[in-house]
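Trainee: next input, structure requested:
(chains A, B and C)
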Amino acid sequence: MAIQTILVINKSGGLVYQRDFIKTSAKLSSNEYLILAGTLQGVVAIASQVTPKALQISAKAGSKTANEPSQLIPYVGSLGAPTQNLSDMGSFMGQDFFNESFASWNQSGLKHVTTDQLSMFLYQTLTGLKFVAISTQSTTNAMAVSIAENLLRKAYCLYADYVMKNPFHDPDMPIKCELFDSHLAELVGQL
Amino acid sequence: MPCYFAIIGARDNPIYEAEFTSQQLNSFPPELKELNPFILHASLDIIEDLQWQVNPQSINSGSGSGGFLRSRNSSNNGNCYLGKIDHFYGLAITGYLSYGNMKFVMIHSSNANGSTLAQVEDWSVRSFYQEVHELFVKTLMNPFYKLNDPITSPVFDSKVRALARRYLLK
Amino acid sequence: MSHKIINPSTSVPPANAAGSTGYDYTIGPQQTLPNSSAQSVASTLAGTRSVYHESLHPGAHGAHVSVAAYAFLFQEMVSQARNASKTVSEIELRLHRHGYHIGLRLLELLKFRSSVTPGSGRSFFHKSGGPAATAGDAVGGAGSAPSGAGAGGAGSIGTAQDESLSSSITTMKRRDLRLLEVLQFVHGPVWLYLFDRASDDLVKSSERENEYMIIDNTPSITRFISSTNVQCDFFVCGIIEGVLDLASFPCTVTAHSVPEDKFDRRVVFVIRFDQEVLEREALRF
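Mentor: Predicted coordinates for the structure are as follows:
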């Protein structure tokens, strides 16, 4: 699974970060990416509305009984973990950013879209921030989805370290942090 | 014996002063009391000279050949406590320097009225200075205290007086 | 500042009134009878806890701070300095000033702590709450004591032991008189206290006589900050300058980012001593 693009969309649907990892001939312009981000935001909102009522109720009941297996995303190996310099994990302790399965906060929205050409995975945080990964393969199996969720959660960890702790970054504004760039490239490169 | 104690800041300004007297021992006579700050400040030059001596204590103790022999074990000799640095008509003056070069100075008076030279018990005076030094470090830990400002805390005052009672007025 | 008239010291109020107010520089030294005043002050202040009731022992408070919490705090410090200033150098000056006051305090604190022998530190915990006592227990034990301090007796002896470290010091650490001694102190204990490791190198400049350099390959506090034209390491500069200034080694410290092949965030702290320091060094030693 090759990651083509990673996007970060803020809680109001604006594109704050976009980065291509594979050079492709058909490249979207920055304006098109903005439109894509806005559309995604809208689709997520619609998706949460078109979720069947029965599912919503069962999801609510499930959240009361703590960790329902379907909401729990398994931890996938040491995915994209830095191999040489283990000490440099930012503020996270241990060998990897996290090493247990985690609950998904994306309860009623869009998780992934698959077409013939590519598949798109979406990771939503509690604060409404969305991390989007676009892959060149069209996969539908559950393993790929959980791998993508793990990857994007690690991207979120990097965001917490190198974007939120940077005093020169304003919240909800486009991300211009060299360290975030380099660490994300490292993460994707080691996939 | 009555004592006059002061902490002198970096700008030669007193940041704390106290007189330790007790009922059974007589206090400073009023005409001498006014002179105490002057006597104390007169010794500051000596302290500033001793400040940069490698072995401040062996130099001013005045034992002629002792200086050479002592220099061997100077490494385990502290240079914070300066010992007796000066005397003035029967008053003894001792000094102590903190790591930040705050000057702790004290005038010791003999019980008799100025006829005999006051005796200084090095061990207890040194312990007193160390305890006050610790209190001073704690003062610095207060974020609202600015270096070289007067220490006005009543707790500091009462603690210093309690230490004086323990170490000096026996 | 109060506008009291400065009286001669003979006009000190009677002994029993003094002592409860602390030192007042407008009045001068207070002549009190330690026996009576100490007790009255102790009774009036029995309920209050001040900085003087805390222990200076390194284990009395948690020795470690979460990197994330510290990074967020530092982030807020920098953005506050950024909002308040107009130029880049002003931001750096503000950070420098924040660090300076930390440096002043660190010199006294770390030197004092290093005077305490490690063996006596262990007995400190044994006294307060048994061998299994944690730092929290030790503080809690001291906290319960002041209520008994006014009454005297066993309670007050207990607090004295818990609070004061100096009684367990046999010899105080020496003051640093030479340039290299004080630089070693910054390179070693200060760095160890701040960043949990000694700095990577301490070098004398080959060009200028009064210039020394402390090198940090992986600066901890700015590790999350993408390099911009603002040098956030000026905060550490301030700490170094505070330590050296208070030890009577006046100097100016600047930070320069000098990436090397393996360490792209390497920072060099250049310490430029005033001429008087070198003159004194030449005269004295």
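Trainee: please confirm that residue A:160 is located within a helix.
Mentor: Yes. According to DSSP: H, G, I helix; E, B strand; the rest coil, residue A:160 belongs to a helix.
Trainee: quick check: the gap between it and residue B:17.
Mentor: 53 Å (C-beta to C-beta, to the nearest Å). (C-beta placed from N, C-alpha, C; glycine too.)
Trainee: compare these two (neighbour count), which wins?
Mentor: More crowded of residue A:160 and residue B:17, by other C-beta atoms under 10 Å in any protein chain shown: residue B:17, with 24 against 18.
Trainee: check which helix or strand the more buried one maps to.
Mentor: Taking DSSP states H and E as the criterion, residue B:17 maps to strand B:14-20.
Trainee: wait, residue C:240 touches residue C:103, no?
Mentor: Yes. Counting by C-beta atoms under 8 Å, residue C:240 touches residue C:103, with 6.4 Å between them.
Trainee: more neighbours: those two, which one.
Mentor: When residue C:240 and residue C:103 are compared on other C-beta under 10 Å, the one with more neighbours turns out to be residue C:240, at 26 against 23.
Trainee: ok now do that one, which residues does it touch?
Mentor: Residues near residue C:240 by C-beta atoms under 8 Å, 6 or more residues apart in numbering or on different chains: C:99, C:103, C:186, C:190, C:214, C:253, C:269, C:271.
Trainee: chain neighbours aside, what residue packs nearest to the first one?
Mentor: Counting by C-beta to C-beta, 6 or more residues apart in numbering or on different chains, the nearest residue to residue C:99 once its immediate chain neighbours are dropped is residue C:238, at 2.5 Å.
Trainee: in chain A, what residue is nearest chain B?
Mentor: For chain A, the residue closest to chain B is residue A:167, as judged by C-beta to the nearest C-beta, at 22.0 Å.
Trainee: surely that residue is within a strand?
Mentor: No. Counting by three-state DSSP, residue A:167 falls outside a strand, being coil.
Trainee: report how many residues lie close to it.
Mentor: 23.
Trainee: check it and give its pLDDT.
Mentor: With respect to pLDDT, residue A:167 scores 89.
Trainee: ok, back up a step: off-centre distance for the strand holding residue B:17?
Mentor: Here strand B:14-20 is found 10 Å from its chain centre; the criterion is C-alpha atoms, centre = their mean, to the nearest Å.
Trainee: and after that strand, which helix or strand comes next?
Mentor: helix B:30-33.
Trainee: give me the buried positions along that next one.
Mentor: By 16 or more other C-beta atoms under 10 Å in any protein chain shown, the buried positions in helix B:30-33 come out as B:32, B:33.
Trainee: what sits against the residue lying closest to residue A:47 once chain neighbours are set aside?
Mentor: The shortest distance from residue A:47 to any residue other than its chain neighbours is 4.5 Å, reached at residue A:110 (C-beta to C-beta, 6+ apart). Contacts for residue A:110 (C-beta under 8 Å, 6+ apart) come out as A:40, A:43, A:44, A:47, A:122.
Trainee: in the one helix or strand the second one maps to, which of the residues would be classed as buried?
Mentor: Spelled out, that is residue A:43. If you go by DSSP H and E, residue A:43 is part of helix A:30-50. Across helix A:30-50, burial judged by 16+ other C-beta under 10 Å covers A:33, A:36, A:37, A:40, A:41, A:44.
Trainee: quick one: residues contacting the closest residue to the fifth one other than its chain neighbours.
Mentor: Nearest residue to residue A:41, sequence neighbours excluded (C-beta to C-beta, 6+ apart): residue A:13, at 3.3 Å. Contacts here follow C-beta under 8 Å, 6+ apart; on that basis residue A:13 touches A:37, A:38, A:40, A:41, A:42.
Trainee: ok, now residue B:95?
Mentor: So residue B:95 contacts B:43, B:46, B:47, B:50, B:82, B:83, B:85, B:103, B:104, B:105, B:106 (C-beta under 8 Å, 6+ apart).
Trainee: hang on, the fifth one packs against residue B:55?
Mentor: No. Using C-beta under 8 Å, residue B:82 makes no contact with residue B:55, being 10.6 Å away.
Trainee: which of the two has more neighbours?
Mentor: Neighbour totals were compared for residue B:82 and residue B:55, and residue B:82 leads with 28 against 16 (other C-beta under 10 Å).
Trainee: pretty sure the more buried one is in a strand, no?
Mentor: Yes. Residue B:82: assigned to a strand according to three-state DSSP.
Trainee: ok, it to chain A distance?
Mentor: 46 Å (C-beta to the nearest C-beta, to the nearest Å).
Trainee: and the pLDDT at that residue?
Mentor: Reported pLDDT for residue B:82: 86.
Trainee: then residue B:74?
Mentor: Confidence score, pLDDT, at residue B:74: 40.
Trainee: for the residue nearest to residue A:41, give its distance to residue A:36.
Mentor: Residue A:13 is 11 Å from residue A:36, by C-beta to C-beta.
Trainee: so where is chain C shaky, pLDDT-wise?
Mentor: Within chain C, the segments meeting pLDDT under 70 span C:1-21, C:31-48, C:60, C:62-63, C:117-163.
Trainee: could you chop it up by domain?
Mentor: C:9-44, C:50-84+C:117-168, C:91-111+C:175-284 (automatic domain parsing).
Trainee: residue C:210 contacts residue C:279, correct?
Mentor: No. Judged on C-beta under 8 Å, residue C:210 makes no contact with residue C:279 at a distance of 10.3 Å.
Trainee: okay, those two: which has more neighbours?
Mentor: Of the pair residue C:210 and residue C:279, residue C:210 is the one with more neighbours under other C-beta under 10 Å, namely 16 against 10.
Trainee: can you pull out the helices in chain A?
Mentor: Secondary structure of chain A (DSSP state H): helices at A:30-50, A:53-64, A:142-162, A:178-189.
Trainee: could you identify which of those helices has the lowest mean pLDDT?
Mentor: helix A:53-64 (a mean of 65).
Trainee: how about the helices in chain C?
Mentor: C:34-44, C:67-84, C:88-115, C:118-129, C:135-144, C:146-149, C:154-163, C:179-185, C:191-195, C:234-246, C:275-284.
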